[in-house]
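Colleague: Below are the sequence and a predicted model; questions follow.
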Amino acid sequence: MVLKSNGLLLVMVACLLALPAVAGDDEEARKLGVTPPAEWAFPPAQPLQVWSVRGLWYDQYGLDRALARVGGCVERSSWVQGNWIRWYSPDSYDELMRYHLAIIANTNGHAFANGRNPAPARTRLKDYAANGGAVLFLGGFFAFGREYHGTALEEMAPVTFAAHRDLERHPAGVPLAAGPDAPAGFAKLNWAAAPRVYWTHAVTLKPGAKVLLTAGGKPLLVAWPYGNGRVAVFAGTVMGDPPAGHQPFWQWDGWPAVMADTIRWLTTNPARPGNAGRADYAKTLNAALAKAGGKAEAERAVMTAFLRQCADPAAARAVTDALASLFWDITLDEADAYYAAVLPYARGGFGGIADALLASGHTHKTMLGLRLLGCENSPGTRERLLDALKRGDVDVEEMGDDLDPGRAGEDAGYRAYAYRLAALEGLGNLGDPAALPAIRAVVKQYEGKRPRREEFPKDVTREHELYQAALQAALRCGDAAAAGPLVDLLMQNRYTLVNMMFAAFSDVKGPAGEAQRARAQRAYARLQARQQLACGRLAPLPASVLSALAARLAAEDDPWVAPIAFAAFGKGFGAGPPADALAILTRATVPAVADLAGGR
């Protein structure tokens, strides 16, 4: 990435840095009711869960290659726009605890405000690190200096930041070198290439900080344990105008390895508390529901909190069993959330729970029941799911839900869509090749209505979701021909998400504009959740489809294919892929996909 020191961009954006830092983040946050929980619990170690805040030039840091080398990850991204973190920003400790690692790249300290006081979000991030989370800060034009000085971000960092603009320019570049505390793997890198950095932040080491990289003898990559967590700061930037013959560090072949080793250290943390094997999960859940006193909203809050803590088969059975016993229905988005949380553990012992959910008469509970039914390879399962797929209905006594937003109510058309979607997903879970004729018929029914890139779709239709679910079910039942169309559709979803972003920032005035932006934001959240859920079902897959899937992923030239490859072939997502599929990935067009094969 090239940025000359006298560039117009420097003048245009300097005004964004004029805001003073907010002192006393903790005090401000506590006044606003931000209090850390008594207990912290993070997801199982694999797959790696990452929240990335993508400031300007994030892609130049090449973190997709680093993440590939540690085996891939599930990534939830936010984008920085001025003093806002757009599209997603964890607004609670529970939400932060979904992630092992937060990557904060070229982000100004006031972006955490999102139009409000930035202290609560900065304090939550600091508390997250102190209690087992990992944070990687990356420099840039908007980061560090007075933006971080005196804030909770500085308190957690292994360095102190200047109270003023701290960027220093090095026109000829300064060479990188392994620091005194560098991991052993750094010694194997090609330092003879003389990788250089052209803009750095002036930072001061704190006692106990570990220097992993230096630039011109000064600390560049610094890390330390912070409480029960770990924090690293890269005090360089991807700015600069490298002279001819120079090797900027971000183009150096050793840079992905540097970041991979850093991420590996940050996230391999025995002090991080987890959830798996919690013996009192069911007892504590039932006690909390009893305390809710039959009030639906209180019960919903309890279930949401315990769903996040679901990390083993016993917890998955307990939370879905409790859900089946409650009298209210969940929303469509909640049905997806329950499904995503319990699916990794839904193998055996869920037949009775699936039947109870199906018998509830509530539409979205029935959806969850159909999905979980497919996880039980019991007599008659395939026939029941095929019947639901064919009729778009389930033979149970109706309970008469209210027709609220996100609930099905008595809308028969919606209910037929919901049940067919869930039946397809249940058939995919079952993985029975005998179901392929019916599944292929759905693929054929909807393939003519699939979204096309040249049409710039800004929404996702029910037909789109059914088509995607049918392709995924076909792949999971052993149809290798579904691999290419499914990857095509998952890639198309990425472009549709971008189109939705533009729609959400439309400058149309008045109520019509507000309604349009609200629709786009809801559609974006729905598609993003469905995309993550679909990627989560790419492993494990039958061995017979893996070579075809690897070939399609390897042929793709768009870097956004990396998260799909991570989900299909990354560590912790499923069983180890066969050697022939990994060999195909090593020839991938996108470097991160090729690196993934070496990271297995």
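Modeller: Arrived safely.
Colleague: only C-alpha atoms for contact and neighbour calcs from this point on.
Modeller: Noted.
Colleague: looking at it, V80 is touching W57, isn't it?
Modeller: No: V80 is beyond contact range of W57, at 10.7 Å (criterion: CA atoms under 8 Å).
Colleague: Neighbour count: these two, which is higher?
Modeller: Applying other CA atoms under 10 Å to V80 and W57 shows that V80 carries more neighbours, namely 21 against 16.
Colleague: List the strands paired with the lengthiest strand in the chain, with their directions.
Modeller: Within the chain, and with DSSP state E defining each element, the longest strand by residue count is strand 167-178. Partner strands and pairing direction for strand 167-178 (DSSP bridges) are strand 195-201 (antiparallel), strand 210-215 (antiparallel).
Colleague: Of all those, which one is nearest Q49?
Modeller: Q49 lies closest to strand 210-215 among the strands paired with strand 167-178, at 23.8 Å (CA to CA).
Colleague: pLDDT on the closest one, on average?
Modeller: Averaging pLDDT along strand 210-215 yields 98.
Colleague: May I see the buried residues of that strand?
Modeller: By 16 or more other CA atoms under 10 Å, the buried positions in strand 210-215 come out as K210, V211, L212, L213, T214, A215.
Colleague: got the residues you listed as TSV, with distance to Y467 columns?
Modeller: Listed next are the buried residues of strand 210-215 as TSV, based on distance: CA to CA, whole Å:
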residue	distance to Y467
K210	51
V211	51
L212	49
L213	49
T214	52
A215	52
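Colleague: For E39, state which of the residues you listed is nearest.
Modeller: Nearest to E39 among those is K210, at 28.7 Å by CA to CA.
Colleague: And the closest one, how far from P158?
Modeller: 8 Å (CA to CA, to the nearest Å).
Colleague: Give the residues shared as contacts by those two.
Modeller: With contacts defined as CA atoms under 8 Å, 6 or more residues apart in numbering, the residues shared by K210 and P158 are V222, A223, W224.
Colleague: in the sheet, who's paired with the last one?
Modeller: In this structure, W224 has beta-bridge partners V231, where bridges are defined by DSSP bridges.
Colleague: Correct me if wrong: it contacts V231.
Modeller: Yes: contact criterion CA under 8 Å: W224 and V231 qualify, at 5.7 Å.
Colleague: Which neighbours do those two have in common?
Modeller: P158.
Colleague: In space, what's closest to P175 - neighbours in sequence excluded?
Modeller: Nearest residue to P175 in three dimensions, chain neighbours excluded: R196, at 4.4 Å (CA to CA, 6 or more residues apart in numbering).
Colleague: Surely the one you found is in contact with Q251?
Modeller: No: proximity of R196 to Q251 does not meet the contact threshold set by CA under 8 Å, at 9.7 Å.
Colleague: Of those two, which one has the most company?
Modeller: Taking neighbours as other CA under 10 Å, R196 and Q251 compare with R196 leading, 24 against 16.
Colleague: Show me where the stretch 51-200 of the chain has its helices.
Modeller: Remark: helices assigned in the stretch 51-200 of the chain by DSSP state H, counting those that start in this stretch are 63-69, 93-96, 119-130, 152-156.
Colleague: These: which one's closest to V394?
Modeller: Judged by CA to CA, the one of those that comes nearest to V394 is helix 93-96, at 34.5 Å.
Colleague: C-alpha coordinates for the closest one, CSV please?
Modeller: Output of helix 93-96 as CSV, limited to C-alpha atoms (Å, rounded to 0.1, in the frame of the first residue of the first chain):
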residue,chain,number,x,y,z
TYR,A,93,-19.4,-9.1,27.6
ASP,A,94,-21.4,-12.1,26.5
GLU,A,95,-21.0,-11.1,22.9
LEU,A,96,-17.2,-10.6,23.3
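Colleague: List the buried residues of it.
Modeller: For helix 93-96, burial by neighbour count (16+ other CA under 10 Å) applies to Y93, D94, L96.
Colleague: Same list, these, but as a markdown table with pLDDT and distance to F142 please.
Modeller: Below are the buried residues of helix 93-96 laid out as a markdown table (pLDDT from 0 to 100; distance: CA to CA, whole Å):
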| residue | pLDDT | distance to F142 |
| --- | --- | --- |
| Y93 | 93 | 26 |
| D94 | 89 | 28 |
| L96 | 95 | 23 |
